[in-house]
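**Q** Predicted model and sequence follow; I will ask about them next.
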Amino acid sequence: MRPVVWRPPVEPSPVEQAVIKAVRRAKLFVFLRQHRHELFDQEFQAELAQAYVDSPKGQPPVPPAQLALATLLQAYTGVSDDEVIEATVMDRRWQLVLDCMDAGAPPFAKGTLVGFGKRLIEKNLDRRLVERSVQLAAATGGFGARALRAALDSSPLWGAGRVEDTYNLMGHALRKALGVIAVLQGWGQAGGTAIVAAQAGVPQLAASSLKAALDKDWDDPATAGQALAQVLGFPGQVEQFVAGWAGGQAAASAVAVACQVRDQDVGLAGPVLALRRGVAKDRRISVEDGQMRHGRKSRSVLSGGYKRHVLRDLDTGLVPAVGITPANVPEAAVTSDITADLEAAGFTLAELHIDRACLASDLVRDRSPDLAIFCKAWRVRNTGGRYPKTAFALDFTTRQLTCPAGVTMSFEPGTTVHFPKATCAACPLRARCTRSSNGRSVSIHPDEALLAELRDCQATPAGRARLRERVKAGHALAHIGHWQGRRARYRGTRKNLFDLRRVAVVHNLHVIARQPAGGGYKLAA
């Protein structure tokens, strides 16, 4: 059966009014109680109900609006699924929002809450929650529909899976495969894994750390090499053992993970087996979360997991779009997801403030003439006091490049212009231009016209002030990180995107409530 429309009372009861007066800091509970009927109107509830199969049998599901409010409160308070169920009975602020004041039993079970989250992800309805929060802002009268002036920023999000070295990654994957067989035999995963590992002839894999079980002097190259050869034989032994059991597809998948780790981290082509130097491209770093990757925010700031990306409206402070990417993916890759969110919500961009990592994105390269890009351009180097590229006149209409001596060459974006060797040799300005015996060359960026505009912009006080507006996106990112935290709650890109979108809704509701039209009070963090 499809869920019924949830129609909680709009006006607070005397009991609810007493709770509202008692709330001092966590004012989002009060705001959601006052505006839940606007955020989850009948039309949006019908849209949420489409996530359920229409069946004539069974009991009506828990109203999805009530479950959606619970997921928002979960993001706001940072509690687990079990704690959500506990709070619906123990915390009167939760009861205020969920319309279950003084309830003796939870209004829904943990499985119902988890299942609802999966439905949101499958139907992409978590994006609709973000859109609804922005629509609520427009309905309050404080914000209006218009082209956005937005800034995009990102920060590391450490993964929830355990990061391990090559030996323990392989051991973890193989132990997981043996644990599957143990469960199939009814021995239990904890104690049964040791039994199955002994049967497979690899008792070392039963330990939580393979390196500890091997008990080698890992600082001795000869001993480490012998241990590596021994470990590389384990996947074949486990694979052969697993093949003899029925229903071992999950175990075979875990063995495949161990083989993936072996292939990416071990040099098998050389005369001696050894771990590869450096990091393989797209290297897997976790068994439990196969989408986590090594990345870096800067030369000194390393991370293992994901990057979260936030697009902030510079005028209103709202966050209309967010994105999650593995940590090793270039930041420019997220702009396609940001564009999809904006298009789904019917938004357009008038200005986009970004960092240089996003200059290579499709959003910039395929931009419309009406979109203004603001970014700090790369510094033009001036080696040895010679003429920099900015001393050359670029005519983008005729695609002509003129050097300081007046020599003109044609150019194409994304190519390098080479001035004739003989012309440069006879030039009176040669000493101030180049030391190369082959003449001066100038590289033209594929979007050189934009870079020229950006350099002109940051050369003026007004232009530098515009560039500093992107700091607001960093503020929104810090605000969102206050709730989501530094470490991911879930495993996998899509689930972490779901969590980030919930937190973005909480952020937007805070922004709305700070406006006089949104309640008249200022929420505390």
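**A** Structure's in. What do you need? Numbers count the residues shown, from 1 in each chain.

**Q** can you map out the strands along the stretch 251-400 of the chain?
**A** 266-267, 274-275, 293-296, 302-313, 321-326, 349-353, 372-374, 393-395, 400-402 (DSSP state E, counting those that start in this stretch).

**Q** Sketch out the low-pLDDT regions of the stretch 401-525 of the chain for me.
**A** Within the stretch 401-525 of the chain, the ranges that satisfy pLDDT under 70 run 516-525.

**Q** where do the strands sit along it?
**A** Using DSSP E, counting those that start in this stretch, strands in the stretch 401-525 of the chain cover 408-410, 416-418, 441-443.

**Q** buried residues in the last one?
**A** In other words, strand 441-443. Of the residues in strand 441-443, residue 442 count as buried by neighbour count, 16 or more other CB atoms under 10 Å. C-beta: built from backbone N, CA, C; applies to glycine.

**Q** which residues touch it?
**A** 389, 392, 401, 411, 415, 416, 417, 418, 419 (CB atoms under 8 Å, 6 or more residues apart in numbering).

**Q** other SSEs contacting the helix or strand where residue 151 lies?
**A** Assigned by DSSP states H and E, residue 151 belongs to strand 148-158. Packing partners of strand 148-158 (3 or more CB pairs under 8 Å, 6 or more residues apart in numbering; DSSP states H and E): strand 302-313, helix 335-345, strand 349-353, helix 471-484.

**Q** can I get the CA coordinates of whichever strand or helix holds residue 21 in CSV?
**A** According to DSSP H and E, residue 21 maps onto helix 14-22. Extracted in CSV, the C-alpha atoms of helix 14-22 (Å, rounded to 0.1, in the frame of the first residue of the first chain):
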residue,chain,number,x,y,z
PRO,A,14,-0.1,23.6,25.1
VAL,A,15,2.3,20.7,25.8
GLU,A,16,4.3,21.5,22.6
GLN,A,17,4.4,25.2,23.5
ALA,A,18,6.0,24.3,26.8
VAL,A,19,8.7,22.3,25.0
ILE,A,20,9.3,25.1,22.5
LYS,A,21,9.9,27.6,25.3
ALA,A,22,12.3,25.2,27.0
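
**Q** which other helices and strands contact it?
**A** Counting by 3+ CB pairs under 8 Å, 6+ apart, helix 14-22 packs on helix 28-39, helix 92-98.

**Q** Name the residues of the last one that are buried.
**A** Buried residues in helix 92-98, counting neighbours by 16+ other CB under 10 Å, are found at 92, 93, 94, 95, 96, 97, 98.

**Q** and of these, the nearest to residue 20?
**A** residue 96 (7.1 Å; CB to CB).

**Q** thinking again about what came up before, got the contacts of strand 441-443 as a markdown table, with neighbour count and distance to residue 137 columns?
**A** Formatted as a markdown table, the entries for those read as follows, by neighbours: other CB atoms under 10 Å; distance: CB to CB, whole Å:
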| residue | neighbour count | distance to residue 137 |
| --- | --- | --- |
| 389 | 18 | 45 |
| 392 | 20 | 48 |
| 401 | 20 | 48 |
| 411 | 20 | 47 |
| 415 | 13 | 47 |
| 416 | 10 | 49 |
| 417 | 16 | 50 |
| 418 | 14 | 55 |
| 419 | 23 | 56 |
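
**Q** And those, which is closest to residue 224?
**A** Once CB to CB is applied, the member of those that ends up nearest residue 224 is residue 416, at 46.6 Å.

**Q** if I pick the closest one, what's in contact with it?
**A** Counted by CB under 8 Å, 6+ apart, residue 416 has contacts 441, 442, 443, 444.

**Q** on that earlier part again, now the strand holding residue 151 against strand 302-313, angle please.
**A** Here the directions of strand 148-158 and strand 302-313 differ by 160 degrees (axes from the mean of the first three to the mean of the last three CA atoms, to 10 degrees).

**Q** tell me the average confidence for strand 148-158?
**A** The average pLDDT within strand 148-158 is 93.

**Q** What's the first helix or strand after that strand?
**A** Next along from strand 148-158, by DSSP H and E: helix 166-184.

**Q** Show me how far that next one is from its chain's centre.
**A** Centroid separation for helix 166-184 versus its chain: 28 Å, with CA atoms, centre = their mean, to the nearest Å.

**Q** ditto for stretch 4-11
**A** For stretch 4-11, the gap between its own C-alpha mean and the chain's C-alpha mean amounts to 35 Å (CA atoms, centre = their mean).

**Q** contact partners of it?
**A** 36, 37, 40, 42, 45, 46, 60, 63, 64, 65, 66, 99.

**Q** okay, who's weakest in the residues you listed by pLDDT?
**A** Comparing the contacts of stretch 4-11 by pLDDT, residue 60 comes last, at 73.

**Q** Go ahead and confirm it touches residue 52.
**A** No - here residue 60 does not reach residue 52: they are 9.5 Å apart, not a contact under CB atoms under 8 Å.

**Q** By mean pLDDT, show me the worst of the strands of the stretch 251-400 of the chain.
**A** The bottom spot among the strands of the stretch 251-400 of the chain, by mean pLDDT, belongs to strand 274-275, with a mean of 82.

**Q** Make JSON lines out of the contacts of residue 416 and add distance to residue 340.
**A** Output for those, formatted as JSON lines (distance: CB to CB, whole Å):
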{"residue": "441", "distance to residue 340": "40"}
{"residue": "442", "distance to residue 340": "38"}
{"residue": "443", "distance to residue 340": "33"}
{"residue": "444", "distance to residue 340": "32"}
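
**Q** From those, pick the one nearest residue 217.
**A** residue 443 (51.5 Å).

**Q** and the residue nearest the centre of the chain, how far is that from residue 368?
**A** Centroid check for the chain by CA atoms, centre = their mean gives residue 324 as the closest residue, at 1.9 Å. For residue 324, the distance to residue 368 (CB to CB, to the nearest Å) stands at 26 Å.

**Q** what's the answer for residue 234, then?
**A** Taken as CB to CB, the span from residue 234 to residue 368 is 56 Å.

**Q** So for these two, which sits in the more crowded spot?
**A** Set residue 234 next to residue 368 and count neighbours by other CB atoms under 10 Å: residue 234 wins out with 22 against 7.

**Q** Quick check, that one in contact with residue 201.
**A** No - contact status for residue 234 versus residue 201: not in contact, 9.4 Å apart, counting by CB under 8 Å.

**Q** ok so, going back, just send the strands of the stretch 251-400 of the chain back as a markdown table, with distance to residue 283 too.
**A** Listed next are the strands of the stretch 251-400 of the chain as a markdown table, based on distance: least, CB to CB, whole Å:
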| stretch | distance to residue 283 |
| --- | --- |
| strand 266-267 | 12 |
| strand 274-275 | 12 |
| strand 293-296 | 6 |
| strand 302-313 | 10 |
| strand 321-326 | 11 |
| strand 349-353 | 32 |
| strand 372-374 | 33 |
| strand 393-395 | 41 |
| strand 400-402 | 42 |
